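1. Starting from these lines, generate the structure:
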Amino acid sequence: MGAKIDLTGKRFGRLVVLEESDRRDWGHVVWKCRCDCGKISIVDGGFLRRGMTKSCGCGRHGELCHFWKGGVVKQRGRWLIRVPDHPNANAGYEKRARLVVEDSIGRYLDIKENVHHINGNITDDRIENLAVMSRSEHMKLHNELRKLSNIKLQ
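-> Numbering: from 1, shown residues only. Okay, the predicted model is just below:
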């Protein structure tokens, strides 16, 4: 068994570690944490370090949570919109770019259709900056763009 890692003061998602708890779960060190919503939780240190626990659970309550931002979140640089009834939604969210294109063409995109950002800025979801193509076409385009940028850099 390795040395104990002090997590005091560290942030894991919405949780900030306050102190080590007196409790042990199956021999594991557990920590007293305060969620951004104000609730105190006792959490296994391994779950914190591996990213398995990021909040007290307040984020699961959608509109009831004071973190609710109207169903708009940014994930990996892309804007996601909460549309729980969308047929292709992932955990109730869909990429804003896909929704913009779907609204413009009047149908849902197939999951095999990708939306390409023409200017390369994945946050620029204006319809004039978006192009629909198959997954293979999209990969070919990005491979060509990578080759061109490598030529320019040499």
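
2. List the contacts of the helix or strand where Arg98 lies.
-> Arg98 is part of helix 96-105, with elements assigned from DSSP states H and E. Helix 96-105 is contacted by residues 72, 78-81, 83, 86, 88, 108-109, 115, 117, 122, 125-127, 130, 132 when judged by C-beta atoms under 8 Å, 6 or more residues apart in numbering. Just so you know, the C-beta spots here come from the backbone N, C-alpha and C atoms, and that holds for glycine as well.

3. report the angle between the axes of the next helix or strand after it and helix 96-105?
-> As assigned by DSSP H and E, the chain's next helix or strand after helix 96-105 is strand 113-117. Per axes from the mean of the first three to the mean of the last three C-alpha atoms, to 10 degrees, the angle that strand 113-117 makes with helix 96-105 is 110 degrees.

4. okay, now the domains of this protein?
-> 11-60, 72-153 (automatic domain parsing).

5. May I have the residues that are in contact with Ser41?
-> Here Ser41 is in contact with 15, 32-35, 56 (C-beta under 8 Å, 6+ apart).

6. ok, Gly86 - how many residues close by?
-> Heads up, residue 86 is His, not Gly. Neighbourhood size, His86 [other C-beta atoms under 10 Å]: 16.

7. mind checking the SS state of it?
-> Of the three states, His86 takes coil under DSSP: H, G, I helix; E, B strand; the rest coil.

8. so which strand or helix has Glu144?
-> Glu144 belongs to helix 135-153, assigned by DSSP H and E.
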